[in-house]
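Q: just need the structure, nothing else, for what follows:
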Amino acid sequence: MLGNLSRLSKRESRSISAENMTGEKNMGALAREGTGASAAEGLGQGWKVSPCIEIGPEATVEIASVSGPGLIKSMWFTIIGIPRYTVLRIYWDHQPHPSVEVPIGDFFVGASGNFKQVSALPICVNPVNGYNSYFEMPFNKHCRITIENLNDEKMTLFYQINYEIGEIDKDAAYFHASFRRTNPLPYKEVYTIVDGIKGTGHYVGTYMYWQTNNNYWWGEGEIKFYLDGDMNPSICGTGTEDYFGGAWSFRTKDMKYLEYTTPYLGFSVDRIDNNNCDISNTRFNLYRFHVQDPIHFKEDLKVNIQALGWRSNFKRYLPLMDDISSVAYWYQTLPSKPFKPLADKDYLEII
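A: Modelled structure (predicted):
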């Protein structure tokens, strides 16, 4: 990718923020009123008058509306609010339903909002909960981005959306991301990360937020990718920690978890009591981005994962009834199918 930095482009750079809400050329830093107006008193126009916006209780705000063709290059957010109650939606080319619909903490691989450093290529989270996305997101006709505040109290949103206007490659696909949660997972059922994908495209990432509801190791389950009408998976993993690039339960010989964040793979412990690896109600963040190994499909795609632990005799697997959330990231052609309705605030809540 660094090899492309020297290449000239005919596209024009633009940016949307609370200081330039339309992203128009020559229209930044003109606010006379805003959340920073009192702090900028006596300094005048252009001195950080509008660094952020407030979103009222149970309200939705459109933060971007851009005519194409164009290409989102990066997005940065941080909030004063509850990540699970802050929903990011992106709509492409005037489709009535979103192609991205994910609570903002989950999109940035940290569902609870408890800060964990993430140093992946597509997603970076820096101190403290500075959310950065570097997924390229091309569009032909239009891009619309909204933020919904599900909470019954107002929230504050800081944001910067950097994009380019101009022709895009003819074979460019549209970015999608979908959220799921099952709490608890029914006994002997597999967890569905995503299904109902129709079109041509490639799968590029998985984030999971996993709470164990039983003691002992929880990650024996295999991930499975069903491609283009598969009755049986074409791609089958060998274990949960294997898919996310780790091994042997992510643990050292003294039974302590080892966290890691890398360009493509990561694991962290969100909550643990006395660092006891085998106690129930521990929570984990796991991500894998298929940047070097995207999974291609021509017609349809379904992805699921087993939740398997061990029975107390450690001789037989135990199908788990855990609290599992996930985000699937992929690119595909339009039109895309609508997602299943997002759960209400009470079901989304992390307790």
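
Q: what about the nearest residue to Trp330 once chain neighbours are set aside, which SS state?
A: Closest residue to Trp330 apart from its sequence neighbours, by Cβ to Cβ, 6 or more residues apart in numbering: Tyr203 at 4.5 Å. In this view, the C-beta of every residue, glycine as well, is placed from N, C-alpha and C. Counting by DSSP: H, G, I helix; E, B strand; the rest coil, the backbone at Tyr203 sits in strand.

Q: from the chain's centre, how far out is the helix or strand bottoming out on mean pLDDT in the chain? Work that out for me.
A: The helix or strand of the chain with the poorest confidence is strand 265-271; it has a mean of 93 (mean pLDDT, DSSP states H and E). Offset of strand 265-271 from its chain centre (Cα atoms, centre = their mean, to the nearest Å): 15 Å.

Q: next, the buried residues of that strand.
A: For strand 265-271, a neighbour-count test (16 or more other Cβ atoms under 10 Å) marks 265-270 as buried.

Q: same check, this time on stretch 231-243
A: Buried residues in stretch 231-243 (16+ other Cβ under 10 Å): 233, 237, 239-241, 243.

Q: so can I have TSV of the residues you listed showing distance to Tyr187?
A: Formatted as TSV, these follow (distance: Cβ to Cβ, whole Å):
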residue	distance to Tyr187
Pro233	22
Gly237	22
Gly239	20
Thr240	18
Glu241	23
Tyr243	23
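
Q: what's the farthest-apart pair in the residues you listed?
A: Based on Cβ to Cβ, the longest span within the buried residues of stretch 231-243 runs between Pro233 and Glu241 and measures 18.8 Å.

Q: what lines up beside the helix or strand hosting Ser325 in the sheet?
A: Assigned by DSSP states H and E, Ser325 belongs to strand 323-332. According to DSSP bridges, strand 323-332 has the following sheet partners: strand 174-182 (antiparallel), strand 201-211 (antiparallel).

Q: once you drop chain neighbours, what's closest to Gly81?
A: Using Cβ to Cβ, 6+ apart, the nearest residue to Gly81 is Met155, at 3.0 Å.

Q: quick one: Ile53 and Phe77 touch, right?
A: No. Counting by Cβ atoms under 8 Å, Ile53 does not reach Phe77; the two are 11.5 Å apart.

Q: now do the shared contacts for these two.
A: 157, 159 (Cβ atoms under 8 Å, 6 or more residues apart in numbering).

Q: is Leu318 in contact with Leu308, as I believe?
A: Yes. Leu318 lies in contact with Leu308 (Cβ under 8 Å); the separation is 6.9 Å.

Q: next up, the contacts around the residue nearest to Trp330.
A: 225, 290, 294-295, 297, 301, 303, 328-330.

Q: where does the stretch 1-150 of the chain have low pLDDT?
A: Residues of the stretch 1-150 of the chain meeting the criterion pLDDT under 70: 1.

Q: quick one, which of the contacts of Tyr203 are buried?
A: Neighbour counting by 16+ other Cβ under 10 Å classes 225, 290, 295, 297, 301, 303, 328-330 among the contacts of Tyr203 as buried.

Q: can you tell me the centre-most residue of this structure?
A: Closest to where the C-alpha atoms of the chain average out (Cα atoms, centre = their mean) is Phe107, at 1.8 Å.

Q: give me the nearest residue to that one, chain neighbours excluded.
A: Among residues not flanking Phe107 along the chain, Leu88 sits closest, at 5.5 Å (Cβ to Cβ, 6+ apart).

Q: show the contacting residues for the one you found.
A: Leu88 touches 77, 100-104, 107, 145-147, counting by Cβ under 8 Å, 6+ apart.

Q: verify the contact between Ala40 and Val49 for me.
A: Yes. The pair Ala40 / Val49 is scored as a contact, 5.0 Å apart, by Cβ under 8 Å.

Q: higher neighbour count, the two?
A: Neighbour totals were compared for Ala40 and Val49, and Val49 leads with 23 against 18 (other Cβ atoms under 10 Å).

Q: correct me, but that one touches Gly28?
A: No. At 11.3 Å, Val49 does not count as touching Gly28 under the criterion of Cβ under 8 Å.

Q: which neighbours do those two share?
A: Shared contacts of Val49 and Gly28 (Cβ under 8 Å, 6+ apart): Glu19.

Q: checking the residue of the chain positioned farthest from its centre next. Helix, strand or coil?
A: Ranked by distance from the centre of the chain (Cα atoms, centre = their mean), the top residue is Gly42, with 40.7 Å. Following three-state DSSP, Gly42 is assigned to coil.
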